[in-house]
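K.L.:
here are the coordinates; sequence isn't available:
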């Protein structure tokens, strides 16, 4: 009469619909929305990530600051995500239908936005750290991407791009690093001790794409 629904079983003890703690997650993006501020010209990608257990998180990946100044850290993270998804390229944004929260109706509604469908629906691992934004007045924590990794092999981007790497080694070291400091407080009083998680995780990518361009294994 009944067959095991693994996803339903997992969700039974998942009481939060949002990712609210640091750690290693497996899931997929169901939104990769191209976003541009008309007044400043800054650009980025708005992601919605859903884990296998059904918890969600929203991320904004800044690609350029106002007047088109490139954000190197944002581009490094995007390339790391592409490597972990085994994508050599991502085409220009195209109309895609997604669900977004409508504060006026207090419900999810379907809308069409410019987006990157290649980044959606594919299994992806994310190591997530929590942070308190520097301008926060409430002290509310939010999840940020510390590092993406292959959902299948648990290799990080630089390991995937290194033809000599046969066994993942970096992720568990990163996990221990995050667990030692699961929440980063970026407010003014903690500014002297704040660390840039994105910059740390994207460091290994600095030479990765160019150095291994001829040996990309996908």
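P.N.:
Cool, got the structure. Nothing here was measured: the structure is a model prediction, and the numbers come from that model.
K.L.:
so what pairs up with the residue sitting nearest the centre point of the chain in the strands?
P.N.:
Central residue check for the chain by Cα atoms, centre = their mean: the C-alpha nearest the mean position is that of residue 145, 4.7 Å away. For residue 145, the beta-bridge assignment (DSSP bridges) gives partners residue 128.
K.L.:
was I right to think it contacts residue 128?
P.N.:
Yes. Applying Cβ atoms under 8 Å, one finds residue 145 in contact with residue 128, separated by 6.5 Å. Any C-beta I mention is one placed from the backbone N, CA and C, and that applies to glycine too.
K.L.:
so which residues of the protein form strands?
P.N.:
In order along the chain, the chain carries the following strands (DSSP state E): 23-36, 43-51, 56-64, 94-102, 107-115, 124-132, 142-149, 183-185.
K.L.:
adding mean pLDDT as columns, could you present those strands in a markdown table?
P.N.:
As requested, the strands of the chain are exported to a markdown table (pLDDT from 0 to 100):
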| stretch | mean pLDDT |
| --- | --- |
| strand 23-36 | 97 |
| strand 43-51 | 97 |
| strand 56-64 | 97 |
| strand 94-102 | 89 |
| strand 107-115 | 93 |
| strand 124-132 | 98 |
| strand 142-149 | 98 |
| strand 183-185 | 95 |
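K.L.:
quick one: which of those strands is nearest residue 79?
P.N.:
Relative to residue 79, the nearest member of those by Cβ to Cβ is strand 142-149, separated by 10.0 Å.
K.L.:
hang on, the earlier thing: make JSON lines from the strands of the chain and add distance to residue 164 to it.
P.N.:
Formatted as JSON lines, these follow (distance: least, Cβ to Cβ, whole Å):
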{"stretch": "strand 23-36", "distance to residue 164": "24"}
{"stretch": "strand 43-51", "distance to residue 164": "30"}
{"stretch": "strand 56-64", "distance to residue 164": "29"}
{"stretch": "strand 94-102", "distance to residue 164": "37"}
{"stretch": "strand 107-115", "distance to residue 164": "36"}
{"stretch": "strand 124-132", "distance to residue 164": "21"}
{"stretch": "strand 142-149", "distance to residue 164": "18"}
{"stretch": "strand 183-185", "distance to residue 164": "33"}
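K.L.:
what's the closest of those to residue 170?
P.N.:
Ranking the strands of the chain by proximity to residue 170 (Cβ to Cβ) places strand 142-149 first, at 8.2 Å.
K.L.:
who's in contact with the closest one?
P.N.:
Contact partners of strand 142-149, identified using Cβ atoms under 8 Å, 6 or more residues apart in numbering, comprise 19-20, 22, 57, 59, 61, 77, 80-81, 84, 124-133, 155-157, 168, 171, 174, 178, 197-198, 200-201.
K.L.:
buried members of the residues you listed into ChimeraX, please.
P.N.:
The following ChimeraX line selects those of these that are buried, judged by 16 or more other Cβ atoms under 10 Å:
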select :19,22,57,59,61,77,80,81,84,124,125,126,127,128,129,130,131,132,133,155,156,157,171,174,178,197,198,200,201
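K.L.:
what's the pLDDT at residue 134?
P.N.:
With respect to pLDDT, residue 134 has a value of 91.
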